[in-house]
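Q: Just the structure for this:
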Amino acid sequence: MSPPPTGTGPDAGSHESDAPADIAVTVAWATPTAQDVVALRLPAGATVGDAVARSALAGTWGFEAGRASFAVAGHRVRADTRLRAGDRVDVLRPLTVD
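A: Residues are numbered from 1 along each chain as shown. Prediction:
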């Protein structure tokens, strides 16, 4: 039986470097008269809530992030939804007419 690798070959070491260290996402807020889109790089495993908080759009536009609704790819999601690289988080405004 041969000894385990010593860490000198091309396959030596941890494969953790195969996983992305961070992901690129965008967070968007839109009104009838304005649009604001913030591009972010977040750690892999970040959530919608993480992205919205990091974007600082709530402070800029005066909405409460904890009470807002969100969508990714046109589907409503919760703040604890994990993001994937390239996702766009849309912060949804409340309906004014139903």
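Q: Show me which positions of the longest helix anywhere in the chain end up buried.
A: Secondary structure assigned by DSSP state H gives helix 48-55 as the longest helix of the chain. By 16 or more other Cβ atoms under 10 Å, the buried positions in helix 48-55 come out as 48-53, 55. Where you see a C-beta, it was placed from the backbone N, CA and C, and this is true even at glycine.
Q: packing partners for the worst-scoring helix or strand of the chain on mean pLDDT?
A: None of the helices or strands of the chain scores lower by mean pLDDT, DSSP states H and E than helix 57-61, at a mean of 94. The criterion is 3 or more Cβ pairs under 8 Å, 6 or more residues apart in numbering; DSSP states H and E, and the helices and strands that helix 57-61 contacts are strand 22-30, strand 35-43.
Q: can you put those strands in a markdown table and add distance to R76?
A: Supplementary listing: the helices and strands packed on helix 57-61 in a markdown table, determined by distance: least, Cβ to Cβ, whole Å:
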| stretch | distance to R76 |
| --- | --- |
| strand 22-30 | 15 |
| strand 35-43 | 19 |
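Q: what about V72, neighbour count?
A: Neighbours of V72 under the rule other Cβ atoms under 10 Å: 17.
Q: let me redo that: W29
A: W29: 22 surrounding residues under other Cβ under 10 Å.
Q: quick revisit: now the element after the least confident helix or strand of the chain, going C-ward?
A: Going down the chain from helix 57-61, the next helix or strand is strand 69-72, by DSSP states H and E.
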